[in-house]
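[1] okay, sequence plus prediction incoming.
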Amino acid sequence: MPQQTNGNGNLLRPRYFDRQQLTAPDLNQGLTYVRERLRRHNRFMHGWGVVCGAEVWQTDAAADPWQMSVGEGYVVTPRGDEVYIPSGAAINIESAVLGCLGTSEDCPDVHLARAMINPAGVDVRPQYNGEWVEVGLADTVNLAGYVVQHTLNIDTPRERLATYYRFTENTVFEAGSVIRIHSGAAAHHADPPLDRINRYVADPGEVGNWHFNNMRDRLRILDPAGNVIDEQIFLPDSELPISAGTVYLAVCAHDILCAPLVAMPEQCAPAGGQYEYSRICEGYDLRVLCRLPPSHTDDLPGCNDLEAFVCGDAMPPCPPTTADDDCVVLATIRVRAEPVEIDYLRDRRILLSESLLREYLRCQCGQIPTPAPTVAPTVPPTTPPTIGPTFGPTVGPTFGPTVFPTFIPTFIGTLVPTVFPTFIQPTVFPTFIQPTVLPTFIASVPPIGPIDFTDLDTDLGLTLPVTEIPNVGPARGALLESAGIDNVLSFASRPTAELAGILNISEVRAAEMQMRARELMVRG
């Protein structure tokens, strides 16, 4: 079989041999090989997202609502790069937000150019001229009858638009003119800007007043016919209009060249004229994105898919390759009345470490229950058999006949006769030893019958759904309910083989799950 490569995903590493002429690309190729392997390992084995930390908050909302701080954190990007964010990271997002949510270049002839709705440091009486709005002219126009409006009681049920300034003069303004309308009076304006056409809301003899909402204001321009020709939203500490919307603060891997050294001069050029960086510093880049990256919009596998991957026969797909999309969103920032709201959970992808997952599973499984002591079966007592000793036949002693010998006396003279006594054999009774007989007992163990529900609360088992049983998730619960098993009692009382067939698991596993189900019904 011919050898195969990984196609477009193959990685090359240098192979050195004797007398080989090495250049910088040869040595760098070895580093590139190791780095790409680590990236591939992270993508396929761990995934991507925020591993820990990297919280986002406003550094000082009162002083500068656009200044953001990012806490220490560790991130793996969709491409597999590792990014470490040190504590104290900061970024000012104002200019980027203006780029995402600012006005377009296609402006009407009469448009709202800039505004200062909450001037810093001058928000005291009677410095009302620090509050202003600028009207820009893209063409020569007579503004007689034009009206500039602002919002009253913003974000309340009584919100409405009111007149801020009405042009009554019959003056033709040249194209490119910028008219700044102040909330104060001309008599109290000591230093009006000379590059602007200045107009004032307060009448002669008046001091002026504050008009704009400090948190946010919606301004618009009406033509003499009452048609809206431009409408913009302005936020505090920003002179440019910013439409309400959403931006995303993301972090990306970023290498920084550092440690320059004198390079070898070309041909006969003198030394010291060229420099090359000798180190690459691992860094990061905080960015404001106008749109959510494509990698963050891909659908994640659902619970049923995960159940099929883990417990079934389905094979999980490989992660997609993202060449250009290599940033991870840390926070979703809504530009509204605050002026900003930070949500660092809505679009953030979380990548939990294996140690956290292991501890979480330990908490879910709980302590291993101590097995109940094994109760010996009740053995009914067996009456030992009455065993009598085995006796041999009763043998009476055999007596010989009593023989009286006949003596014939021999008379030789006068003799005394010799008398032989008669001997009687004694009756002998044999001694019998009773044997020791040990009776043999055979224990009679009754077979274990059906499950004893005496100690179980069956009413409780009927009310508990089958998904309350450990290791029975939504997918398995649906399979059981389709088979008519929708509560804990029904699960505990079904044959183990039937449950194993429904769930496509072993009977041992099914028996363990039934034991868990019975534990749920144990009376307290």
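    Right, received. Where do you want to start? Residues are numbered from 1 along each chain as shown.
[2] and stretch 151-158, end to end?
    End-to-end span of stretch 151-158 (CA to CA, to the nearest Å): 10 Å.
[3] look up how far N209 lies from P373.
    Counting by CB to CB, to the nearest Å, the separation of P373 from N209 is 86 Å. Heads up, the C-betas are built off the backbone N, CA and C, glycines and all.
[4] tell me the SS of M68?
    Of the three states, M68 takes strand according to DSSP: H, G, I helix; E, B strand; the rest coil.
[5] could you point out which element follows the longest strand along the chain?
    Secondary structure of the chain per DSSP state E: the longest strand is strand 245-262. Later in the chain than strand 245-262, the nearest helix or strand by DSSP states H and E is strand 275-289.
[6] would you mind measuring from I179 to F212?
    Following CB to CB, the distance that separates I179 from F212 is 17 Å.
[7] what is the least confident helix or strand in this protein?
    Per-element confidence for the chain was summarised using mean pLDDT, DSSP states H and E. The lowest value among helices and strands belongs to helix 94-101, with a mean of 75.
[8] which strands and helices sit next to that one?
    The helices and strands touching helix 94-101, judged by 3 or more CB pairs under 8 Å, 6 or more residues apart in numbering; DSSP states H and E, are strand 245-262, strand 275-289, strand 327-335.
[9] including distance to V34, could those strands go into a markdown table?
    Converted to a markdown table, those look like this (distance: least, CB to CB, whole Å):
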| stretch | distance to V34 |
| --- | --- |
| strand 245-262 | 15 |
| strand 275-289 | 14 |
| strand 327-335 | 23 |
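[10] let me have those strands in CSV, adding mean pLDDT, mean neighbour count and distance to T77 as columns.
    Putting the helices and strands packed on helix 94-101 into CSV (pLDDT from 0 to 100; neighbours: other CB atoms under 10 Å; distance: least, CB to CB, whole Å) gives the following:
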stretch, mean pLDDT, mean neighbour count, distance to T77
strand 245-262, 90, 16, 6
strand 275-289, 90, 14, 10
strand 327-335, 92, 23, 6
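[11] surely A517 is within a helix?
    Yes. Secondary structure assignment places A517 in a helix (three-state DSSP).
[12] in contact with it, which residues?
    When contacts are counted by CB atoms under 8 Å, 6 or more residues apart in numbering, A517 is found next to 461, 469, 488, 491-492.
[13] now with 6 Å, please.
    Contact criterion CB atoms under 6 Å, 6 or more residues apart in numbering gives 469, 488, 491-492 as the residues in contact with A517.
[14] centroid residue for this structure?
    I350 (4.9 Å; CA atoms, centre = their mean).
[15] report the beta-bridge partners for the closest residue to it other than its chain neighbours.
    Here the nearest residue to I350 in space, its sequence neighbours aside, is G49; by CB to CB, 6 or more residues apart in numbering that works out to 5.3 Å. With DSSP bridges as the criterion, G49 is bridged to V76.
[16] what about G49, neighbour count?
    A count of neighbours around G49, defined by other CB atoms under 10 Å, yields 17.
[17] does it really touch D347, like I thought?
    No. Under the criterion of CB atoms under 6 Å, G49 makes no contact with D347, lying 11.0 Å away.
[18] averaged pLDDT, the helix or strand containing Q514. What do you get?
    Using DSSP H and E, the secondary-structure element containing Q514 is helix 507-520. Mean pLDDT, computed over helix 507-520, is 87.
[19] what comes up buried for that helix?
    Within helix 507-520, the residues that qualify as buried are 510, 513-514, 516-518, 520, counting by 16 or more other CB atoms under 10 Å.
[20] where's the closest residue to R509 other than its chain neighbours, which helix or strand?
    Nearest-residue entry for R509: A500, 7.3 Å, with adjacent residues in sequence omitted and distances by CB to CB, 6+ apart. When secondary structure is defined using DSSP H and E, the element that contains A500 is helix 496-503.
[21] which helices and strands does that helix pack with?
    Counting by 3 or more CB pairs under 6 Å, 6 or more residues apart in numbering; DSSP states H and E, the packing neighbours recorded for helix 496-503 are helix 507-520.
[22] quick one: distance of the helix it packs on to the chain centre.
    Here helix 507-520 shows a centroid-to-chain-centroid distance of 29 Å under the convention CA atoms, centre = their mean, to the nearest Å.
[23] which helix runs longest in the protein?
    If each helix of the chain is counted by residues according to DSSP state H, the longest one is helix 24-41.
[24] just the angle between it and strand 275-289, please?
    Taking axes from the mean of the first three to the mean of the last three CA atoms, to 10 degrees, helix 24-41 and strand 275-289 form an angle of 30 degrees between their directions.
[25] alpha carbons only: can I get helix 24-41 in PDB?
    Output of helix 24-41 as PDB, limited to C-alpha atoms (Å, rounded to 0.1, in the frame of the first residue of the first chain):
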ATOM      1  CA  ALA A  24      17.600  30.400   8.800                       C
ATOM      2  CA  PRO A  25      14.500  29.000   7.100                       C
ATOM      3  CA  ASP A  26      15.700  25.500   7.800                       C
ATOM      4  CA  LEU A  27      16.000  26.100  11.500                       C
ATOM      5  CA  ASN A  28      12.800  28.100  11.600                       C
ATOM      6  CA  GLN A  29      10.900  25.200   9.900                       C
ATOM      7  CA  GLY A  30      11.600  23.000  13.000                       C
ATOM      8  CA  LEU A  31       9.900  25.600  15.200                       C
ATOM      9  CA  THR A  32       7.000  26.000  12.800                       C
ATOM     10  CA  TYR A  33       6.500  22.200  12.800                       C
ATOM     11  CA  VAL A  34       6.300  22.000  16.600                       C
ATOM     12  CA  ARG A  35       4.000  25.000  16.800                       C
ATOM     13  CA  GLU A  36       1.600  23.800  14.200                       C
ATOM     14  CA  ARG A  37       1.400  20.400  15.900                       C
ATOM     15  CA  LEU A  38       0.500  22.100  19.100                       C
ATOM     16  CA  ARG A  39      -2.100  24.100  17.400                       C
ATOM     17  CA  ARG A  40      -3.600  21.000  15.800                       C
ATOM     18  CA  HIS A  41      -3.500  19.200  19.100                       C
END
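[26] brilliant, that's me finished.
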